[in-house]
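[1] Need a 3D model of the following:
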Amino acid sequence: MKLLQRFGPETGFGFALFFLLGALALIALHALFERATGKRIPRIFQAGLTWAAAYVFFRWILFPPIPSSLLYIYMAVVTVAVILLMIESPLSTEECKQRVVATILGETPAYRVAQAVTFVLIPFSAFLLSRYLVTPPPIGEPIELRVYHSAPPRSIEVHGEIYDLQTAKNPFREEEIPL
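    Sure thing, here's the model as predicted:
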């Protein structure tokens, strides 16, 4: 508990520390997975996980929170960096290209599932999110509770004299010639 008080969100250091420890744990799990199975996690999945981890860090862990415009700028930089790391060598470029082409063509059942997720489920989820979670509900017209221009008073008192505004004449308009 004292650790949370010392490194809590008000200090701006605690969640970043826990995120760093979590990232190191993921790297260790990746190394254990590679050692145990003899297979590596494909670069394209590593790139997706890295991008998602960066988004989680910038959106929910970094303290104080950053504005959304700055989040978009940071994520653009992360996207460029991840793409550059994916294509750093001809071998890794070919691996990523091969997986993308296999997903588009749907060569195996696993790639057909990935194809369905990529081209059906993700766009449909984006539609649902934009339609029902992001778009505010329609708001009806406001009720008119005030009068914009009230009727002028029938008479007005100026310097002790009462003028009837219904029958009063403007002295500046007496000399006007009607058209």
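[2] Can you give me every residue that contacts Thr50?
    Counting by Cβ atoms under 8 Å, 6 or more residues apart in numbering, Thr50 makes contact with Val78, Val82, Leu85. In short, each C-beta sits where N, CA and C put it, glycine included.
[3] Would you tell me what helix or strand it is located in?
    Assessed by DSSP states H and E, Thr50 sits inside helix 43-56.
[4] what comes up buried for that helix?
    For helix 43-56, the buried set under the neighbour-count rule, 16 or more other Cβ atoms under 10 Å, comprises Arg43, Ile44, Ala47, Thr50, Trp51, Ala53, Ala54.
[5] For Val78, list the residues it contacts.
    So Val78 contacts Thr50, Trp51, Ala54, Tyr55 (Cβ under 8 Å, 6+ apart).
[6] would you list those in TSV and tack on pLDDT and distance to Leu128?
    Conversion of those to TSV gives the following (pLDDT from 0 to 100; distance: Cβ to Cβ, whole Å):
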residue	pLDDT	distance to Leu128
Thr50	90	26
Trp51	94	22
Ala54	91	25
Tyr55	93	20
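[7] among these, which two are most distant?
    The largest separation in these, counting by Cβ to Cβ, is between Thr50 and Tyr55 at 9.8 Å.
[8] picking that back up, from the contacts of Thr50, which one has the minimum pLDDT?
    Scanning those for pLDDT, the low point is Leu85. It has 90.
[9] you'd agree that residue is up against Ala47?
    Yes: taking Cβ atoms under 8 Å as the definition, Leu85 is a contact partner of Ala47 at 7.0 Å.
[10] Next one: the residue nearest to the spatial centre of the chain, what pLDDT does it get?
    The centre of the chain sits closest to Ser68, judged by Cα atoms, centre = their mean, with a distance of 6.3 Å. The per-residue pLDDT reported for Ser68 equals 91.
[11] how much space between it and Gln46?
    Note on Ser68: its distance to Gln46, by Cβ to Cβ, to the nearest Å, is 26 Å.
[12] how about the strands in this structure?
    155-158, 161-164 (DSSP state E).
[13] The first one: how far from the chain's middle?
    Same thing as strand 155-158. Here strand 155-158 is found 60 Å from its chain centre; the criterion is Cα atoms, centre = their mean, to the nearest Å.
[14] List the strands paired with that strand, with their directions.
    strand 161-164 (antiparallel) (DSSP bridges).
[15] for the partner strand, what is the average pLDDT?
    For strand 161-164, the mean per-residue pLDDT is 87.
[16] wait, which of the contacts of Thr50 is closest to Val117?
    For the contacts of Thr50, the closest approach to Val117 (Cβ to Cβ) belongs to Val82, at 19.8 Å.
[17] Spatially nearest residue to that closest one, not counting backbone neighbours?
    Nearest residue to Val82 in three dimensions, chain neighbours excluded: Ala47, at 4.7 Å (Cβ to Cβ, 6 or more residues apart in numbering).
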